[in-house]
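Student: Quick one: sequence plus predicted model below, questions after.
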Amino acid sequence: MKLSSQITHDIHDSEPPPILGTWARVNIAVLCWLAFLILLAWAFTEYFSA
C-alpha cells in the first residue's frame, strides 16, 4: 500500500519548469503562441485569397 502512495506522490511532486517559473505560466505562453499562429494563418489566408 505504501508503494502505491509513494508512486502517486512522486508523480505529483515535479520540479518547476526551466523557464517562466511555474507550469501555469508555461501553459499560458503556449496558448498565447497557438493563438498568435492561428491569427497569423488567418491573416495570411485573408491577404492572399483576394
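Tutor: Now that the structure is in, tell me what you want to look at.

Student: where does the chain have low pLDDT?
Tutor: 1-13, 50 (pLDDT under 70).

Student: mind running it again at 80?
Tutor: 1-14, 50 (pLDDT under 80).

Student: residue nearest the centroid of the protein?
Tutor: Taking C-alpha atoms, centre = their mean, the centroid of the chain lies closest to residue 27, which sits 3.1 Å from it.

Student: can you tell me which helix or strand that one belongs to?
Tutor: Under the criterion of DSSP states H and E, residue 27 resides in helix 23-49.

Student: for that helix, the distance to its chain's centre please.
Tutor: 13 Å (C-alpha atoms, centre = their mean, to the nearest Å).

Student: now stretch 42-50
Tutor: Worked out by C-alpha atoms, centre = their mean, stretch 42-50 lies 28 Å from the chain centre.

Student: swap in stretch 21-37?
Tutor: Using C-alpha atoms, centre = their mean, the offset of stretch 21-37 from its chain centre is 5 Å.

Student: wait, what's in contact with residue 14?
Tutor: residue 23 (C-beta atoms under 8 Å, 6 or more residues apart in numbering). Yep, even glycine has a C-beta here, placed from its N, CA and C like the rest.
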